[in-house]
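Q: fold the stuff below for me.
(2 chains)
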Protein chains: 2
Amino acid sequence: MIGSTRPNRICPDIADWFLRTVRPASALSYDLIDLAVVDLPFLDEPQMASTGIYNHEHTRLWSERVLSYDAFVFVFPQYNWAYPAVLKNAIDFLYAEWAGKPAGIVTYGTHGGGKGAAQWGSVLQGIHMNRAEAAVLLSIPSNAKDEPDWMRDLDGKLAQFVPDVLRLDAELTALLVAP
Amino acid sequence: MIGSTRPNRICPDIADWFLRTVRPASALSYDLIDLAVVDLPFLDEPQMASTGIYNHEHTRLWSERVLSYDAFVFVFPQYNWAYPAVLKNAIDFLYAEWAGKPAGIVTYGTHGGGKGAAQWGSVLQGIHMNRAEAAVLLSIPSNAKDEPDWMRDLDGKLAQFVPDVLRLDAELTALLVAP
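A: Presented below is the predicted three-dimensional model:
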C-alpha cells in the first residue's frame, strides 16, 4: 500500500522497488494499492468503524478491497517523526477488516523513518493486525526527487536493504501459514 | 484547535467545555480553530514544508493563521491508539510556523486517549514545539453522542478534570513568559 499522495512523492518508486525485489523470491502474490487512486475523503462516516455500519459508497468499496487481501505491506515516508495523514485516514475508515491480518512496514526518510515505523506499529496493534517484526527502514535523502542523480540507480542505492525485504517477506509468509 | 472533523463528532463540545473552564481562570486569551472550517485538502504541496515554499493559497492562509498565535492546545479523540488524520495533515502542511511555541494536549476516549496523547507528543517534538507536560486525558464513552443523557451534563461529568485544565493553562502561561 502506497501511503503518501503528495505531489513529487517518491513513494510509488519505493513501492515498485519493493515489488521488483520481493516478487522473484516470494511464494506470495503481491498486488499494489495506491491511496492516491483509492482517493478517500477525510473520514466522513457518522458511526464508529467498529460498528461496521458504513453510510458511504466509498467506504463500502474500500471495505471490499481490503477484505480481498490476506496481508498488507505499508510503504510510507516519515513526516515529523510519524506517518502521513492519508495513510492513517485510510485505516480509520475500517476496523474489523484489518484484524488478524499480517502487516509489514517499509518506511523511508533521511534516517530511515524508524520513528514513523514505531508509531505505525502502535496503530497496527490498535487495529489488531499481526505485525511482522522485520521492518524495512530505508535511508533516503529528503529531497531525493529533486536530485535525479540519486533516483537514477535506485536498485543500486537500495541494494543493502534487499536482505531486510526478504526477511519481511519470509516472516509474512510464515504468519500467513501459521498465524 | 479542534482535531476531529467527522460527522457526529463531540470534539467541538469538548473544546467548548475546555474554553468555558479555562477562560475565567486564565491570564491567556484563547481562540478556537476548527479544522472543519479551515478545510485543508490532503497535503498537496510539492515542496517539503521545511522549505517554506508554498504553492497553494490554502497553505499560505493556514501559515498566516498559525503564525498569528503564540501557543496551541490540540483537542482530539483517540482513534486506533493514535490521533486523527485530519490533525496530522494540518500539521504537515507547515513547519517553521510551529517551532518553539508552547503546546498543550487534550485527548478523549473510552480510556482517556493516553496512547494518542503519547503519539502526538512525539509529533510535537518532531516539529520542535514546546510541549506542556500537564496533559488532559478525558474518559468519555466512545458513543457519547448517541447517548444524549451522557452529553446533557458535560460540565458535571468532566468536573474531575478541571484541575488538569488549570494545570495545563498554568504551564502554558509559564512557558509563554519564560520559554
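
Q: for chain A, where's the lowest mean pLDDT among helices and strands?
A: helix A:148-152 (a mean of 83; mean pLDDT, DSSP states H and E).

Q: ok, and what's touching it?
A: For helix A:148-152, the surrounding residues in contact (Cβ atoms under 8 Å, 6 or more residues apart in numbering or on different chains) are A:I10, A:D13, A:I140, A:P141, A:A144, A:K145, A:K157. For glycine as for every other residue, the C-beta is placed from the backbone atoms N, C-alpha and C.

Q: if I read this right, A:K115 contacts A:Y79, doesn't it?
A: No - under the criterion of Cβ atoms under 8 Å, A:K115 is not in contact with A:Y79, lying 10.3 Å apart.

Q: longest strand of chain A?
A: Counting residues, the longest strand found in chain A (DSSP state E) is strand A:102-109.

Q: I'd like the average pLDDT over it.
A: For strand A:102-109, mean pLDDT is 97.

Q: taking strand A:102-109 as reference, get the angle to the next helix or strand after that strand.
A: Note on strand A:102-109: by DSSP states H and E, the next helix or strand toward the C-terminus is helix A:114-126. Relative orientation of helix A:114-126 versus strand A:102-109 (axes from the mean of the first three to the mean of the last three Cα atoms, to 10 degrees): 160 degrees.

Q: extract the CA atoms of helix A:114-126 and return them as PDB.
A: Output in PDB follows, covering the C-alpha atoms of helix A:114-126 (Å, rounded to 0.1, in the frame of the first residue of the first chain):
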ATOM      1  CA  GLY A 114      12.300   4.400  12.400                       C
ATOM      2  CA  LYS A 115      10.200   6.800  14.500                       C
ATOM      3  CA  GLY A 116       7.400   6.700  11.900                       C
ATOM      4  CA  ALA A 117       7.600   2.900  11.800                       C
ATOM      5  CA  ALA A 118       7.400   2.700  15.600                       C
ATOM      6  CA  GLN A 119       4.300   4.900  15.700                       C
ATOM      7  CA  TRP A 120       2.700   2.900  12.900                       C
ATOM      8  CA  GLY A 121       3.400  -0.300  14.800                       C
ATOM      9  CA  SER A 122       1.300   1.100  17.700                       C
ATOM     10  CA  VAL A 123      -1.600   1.800  15.200                       C
ATOM     11  CA  LEU A 124      -1.300  -1.700  13.900                       C
ATOM     12  CA  GLN A 125      -1.700  -3.000  17.400                       C
ATOM     13  CA  GLY A 126      -4.700  -0.800  17.900                       C
END
